[in-house]
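Visitor: Show me how the following folds:
(one chain, ligands or ions: 1)
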Amino acid sequence: MVDCKHAIHPAYQEEHQAHKQNTGDTSTIGYKYEPEPFAFRRDNSWLGVVLDPKIWRRKEQKPSSMTVLLFCFQSTVLLLLLLTMSVLLLRTSRALGLSALQRFCGLRQNRSVKSMAKSTSLRIVGGLSSAETGDWPWQASLQYNNIHRCGATLISNTWLVSAAHCFRDMKHPQKWTATFGALLKPPSLKRSVKTIIIHEEYRYPEHDYDIALVQLSQRVEFTSSIHRVCLPEPSQTFPYNIHAVITGWGALTNDGPTPNALQEATVKLIDSNTCNREEVYDGDITPRMLCAGYLEGGVDACQGDSGGPLVTPDARLMWYLVGIVSWGDECAKPNKPGVYTRVTYFRDWITSKTDI
Ligand code: 4AZ
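Guide: Purely as a prediction, here's the structure:
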């Protein structure tokens with residue numbers, strides 16, 4: 001560091017020497033040291049008292065206009081370069097994220113299966129476990145005259161899969177809308193419905209072939225909180241006793257109130273032989289159906305959950321649609337688990353109708 005009181009700015013050192021030689025002046029100077037010429041004041045007030053202010057008047061050292069121009073140009077180029085780079089970086093990372101969403105299915109952002117184990121004690125019936133927006137990005141609410149009727153699952157930008165019985169006496173697409181987001185009101189996104197395809201073999205009041213496809217009038221652009229689930233291959237098998245998650249806005253108890261926030265619960269897949277036992281569903285479970293829940297009861301889907309997803313993650317934590325909420329003897333009763341449409345059975349049918 002330079003001693004501020006006694007230093008002479010380099011620009012003045014020569015001039016100061018000459019002055020001393022010419023005048024015999026032996027005084028020291030006591031002005032403030034300024035590191036660069038621009039900062040020198042021109043009123044001389046800071047000059048040492050013994051010196052002739054005229055001598056110490058600052059020589060004009062304005063940078064040339066060329067230097068200023070060059071400096072401005074360089075700064076602008078550097079700024080533009082930095083800006084372009086950050087925009088590019090942002091775009092690339094967004095594009096990568098979005099194209100990943102387009103290419104991949106069944107992704108849940110920043111969520112692990114640990115949360116699944118946590119929710120085992122919670123249920124749709126019982127209403128203890130509310131989901132947050134983005135938790136189940138494929139979940140849709142199907143609404144007739146703007147009233148929630150059924151759940152549905154996003155399988156592409158324009159197609160939902162749901163249950164045939166949801167459209168039993170309400171087949172006009174114009175009256176149906178689909179909403180997305182964890183809350184029924186307000187929803188994050190709303191779409192009108194263009195087409196409803198009910199399975200040709202579905203016959204009310206039977207529960208067999210309980211599957212329908214819903215085509216949206218306008219595509220849904222995938223985001224981290226709204227995107228498609230994975231569909232299993234027709235040959236894919238899901239071992240019994242594994243955990244799966246059901247989600248929906250259905251009743252919190254049998255014939256009970258319905259929530260505004262999406263509910264989630266973990267259930268276990270039950271093998272069809274067990275489910276067909278006399279004390280359970282006594283042979284009513286067809287190859288198009290799949291049971292899930294607990295024989296002891298307590299956790300189940302319920303009225304209004306119909307058409308919604310039963311999903312399970314694979315080893316890469318990509319979530320697959322195993323079942324569609326279909327029917328059951330009331331909700332959460334012992335020996336009466338939920339019955340779901342078996343999606344693997346209908347995988348080729350889905351392709352035949354949608355090309356998915
Ligand atoms: C229904 O009525 C319904 N406990 C859905 C699921 C179950 C029962 C009834 C399963 O939409």
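
Visitor: With just CA atoms, put the helix or strand harbouring S141 into PDB.
Guide: Applying DSSP states H and E as the criterion places S141 in strand 139-144. The C-alpha trace of strand 139-144 is given here as PDB (Å, rounded to 0.1, in the frame of the first residue of the first chain):
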ATOM      1  CA  GLN A 139     -54.000 -38.400 -12.700                       C
ATOM      2  CA  ALA A 140     -57.100 -36.700 -14.200                       C
ATOM      3  CA  SER A 141     -60.600 -36.000 -13.000                       C
ATOM      4  CA  LEU A 142     -63.400 -36.700 -15.500                       C
ATOM      5  CA  GLN A 143     -66.200 -34.300 -14.900                       C
ATOM      6  CA  TYR A 144     -69.800 -34.300 -16.300                       C
END
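
Visitor: and it, what does it pack onto?
Guide: If you count contacts as 3 or more CB pairs under 8 Å, 6 or more residues apart in numbering; DSSP states H and E, strand 139-144 packs onto strand 147-154, strand 159-162, strand 176-180. (C-beta placed from N, C-alpha, C; glycine too.)

Visitor: For the shortest one, what is the distance to the chain centroid?
Guide: On the basis of CA atoms, centre = their mean, to the nearest Å, the separation between the geometric centre of strand 159-162 and that of its chain is 20 Å.

Visitor: Do any residues in it lie close to the ligand?
Guide: No. On the criterion CB under 6 Å from any ligand atom, strand 159-162 is out of touch with the ligand, staying 11.5 Å away.

Visitor: now the longest one
Guide: No. Judged by CB under 6 Å from any ligand atom, strand 147-154 stays clear of the ligand, getting no closer than 7.7 Å.

Visitor: residues of that strand that come out buried?
Guide: Buried residues in strand 147-154, counted by 16 or more other CB atoms under 10 Å: 148-154.

Visitor: which bits of the stretch 201-350 of the chain sit near the ligand?
Guide: Counting by CB under 6 Å from any ligand atom, the stretch 201-350 of the chain comes close to the ligand at 300-303, 305-306, 325, 327-328, 331, 338.

Visitor: hmm, back to that, can you add mean pLDDT and give the helices and strands packed on strand 139-144 back as CSV?
Guide: Listed next are these as CSV, based on pLDDT from 0 to 100:
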stretch, mean pLDDT
strand 147-154, 98
strand 159-162, 98
strand 176-180, 98
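
Visitor: Next, give phi and psi for A261.
Guide: Torsion angles at A261 (phi, psi; degrees, to the nearest 10) stand at phi -100, psi 140.

Visitor: cool, C275 as well?
Guide: According to degrees, to the nearest 10, C275 has phi -70, psi -20.

Visitor: From L81, how far off is it?
Guide: Going from C275 to L81 by CB to CB, to the nearest Å gives 65 Å.

Visitor: Looking at the two, which has the bigger crowd around it?
Guide: A direct count of neighbours by other CB atoms under 10 Å for C275 and L81 places C275 higher, at 25 against 10.

Visitor: contacting residues around the nearest residue to that one once chain neighbours are set aside?
Guide: The shortest distance from C275 to any non-neighbouring residue, by CB to CB, 6 or more residues apart in numbering, is to C291 (3.6 Å). Residues near C291 by CB atoms under 8 Å, 6 or more residues apart in numbering: 269-272, 274-275, 280-281, 285, 337-340.

Visitor: can you pull the contacts of the closest residue to the ligand within the stretch 201-350 of the chain?
Guide: For the stretch 201-350 of the chain and the ligand, the shortest gap (CB to the nearest ligand atom) falls at G328, measuring 2.6 Å. Residues near G328 by CB under 8 Å, 6+ apart: 293, 300-301, 336-339.

Visitor: tell me the contacts of the spatially most central residue of the chain?
Guide: Nearest residue to the geometric centre of the chain (CA atoms, centre = their mean): S224, 2.6 Å. Going by CB under 8 Å, 6+ apart, S224 touches 97, 101, 109, 134, 137.

Visitor: Please repeat the previous calculation with a cut-off of 7 Å.
Guide: By CB atoms under 7 Å, 6 or more residues apart in numbering, S224 lies in contact with 101, 109, 134.

Visitor: Sounds good, over and out.
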